[in-house]
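Engineer: Build me a structure from this.
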Amino acid sequence: MTVQRQEKKGWRPGIALIGVLAGFCAVGHDFAARATTTERVVVNRFSGLAIEGFDPVAYFVDGQPARGLEQFEAAQAGVVWRFCNEGNRASFLAHPEIYGPRFGGYDPIEVARGVAYPGNPRFWLIAGERLYLFGREANRDAFAADPERLRRAADAHWPEVEQKLAQ
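Structural biologist: Have a look, this model is predicted:
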């Protein structure tokens, strides 16, 4: 549209509405980002599923991430988990402390810094018979280089981080 045509039209309520909505979206996005870090277990704020609906037992059994199925769901600690099959579901319910991701699925590198940063189920590592999820591939690689030292650092900060999540 030329400048002359724009001037003839004058004030355009459609564009003003888009601007107002964009402002609300920006505020809403900030709130949504904070909402994802107020849970003790990483949960998708849209689906309500723990660790994006991936089966936490599959990391141990299959050695890779696998999406859980709706017919094999279970609620544990107020969070909905999905599994690939009934056996994985039963194993998790019998031992959630073993199969659930350490630090609730938050990135242990960030937890060691005192920050709750949600892990991505695609960046994972099993160390010391526990599942760890990482927000970035570089964090996973750093953790793999020295898991014991970084786990101790994350353990030291986890109570403080967990307390912030509970607020």
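
Engineer: From here on, just use CA atoms for contacts and neighbour counts.
Structural biologist: Will do.

Engineer: what about L131, which helix or strand?
Structural biologist: Assigned by DSSP states H and E, L131 belongs to strand 130-134.

Engineer: List the buried residues for that strand?
Structural biologist: Within strand 130-134, the residues that count as buried by 16 or more other C-alpha atoms under 10 Å are L131, Y132, L133, F134.

Engineer: Ok, stretch 126-143 next?
Structural biologist: In stretch 126-143, counting by 16+ other C-alpha under 10 Å, buried: I126, L131, Y132, L133, F134, G135, R136, N139, R140, F143.

Engineer: cool, and stretch 144-164?
Structural biologist: Applying 16+ other C-alpha under 10 Å to stretch 144-164 flags P147, L150, R151, A153, A154, D155, H157, W158, V161, E162, K164 as buried.

Engineer: Quick one: residues contacting the third one.
Structural biologist: Residues touching R151, when contacts are defined by C-alpha atoms under 8 Å, 6 or more residues apart in numbering, comprise P108, A112.

Engineer: what about it, distance to V80?
Structural biologist: Plainly put, R151 is 26 Å away from V80 if you go by C-alpha to C-alpha, to the nearest Å.

Engineer: show me where the chain has strands.
Structural biologist: 69-76, 79-83, 120-127, 130-134 (DSSP state E).

Engineer: and stretch 43-61, which residues are buried?
Structural biologist: Going by 16+ other C-alpha under 10 Å, stretch 43-61 has these buried residues: 43, 49-60.

Engineer: What is the nearest of these to L93?
Structural biologist: V57 (10.4 Å; C-alpha to C-alpha).

Engineer: does that closest one really touch F92, like I thought?
Structural biologist: Yes. V57 is within contact range of F92, at 6.6 Å (criterion: C-alpha atoms under 8 Å).

Engineer: between the two, what contacts are shared?
Structural biologist: What both V57 and F92 touch, as defined by C-alpha under 8 Å, 6+ apart, is the set Y99, G100.

Engineer: And this protein, split by domain according to the record?
Structural biologist: 3-35, 51-166 (automatic domain parsing).

Engineer: Worst mean pLDDT among these?
Structural biologist: Mean pLDDT per stretch puts domain 3-35 lowest among the domains of the chain, at a mean of 43.

Engineer: Just the residues contacting stretch 108-127, thanks.
Structural biologist: 36-37, 42, 51-52, 54, 59-60, 65, 103, 105-107, 131-137, 139-140, 143-144, 147, 150-151, 153-158, 160-161, 165.
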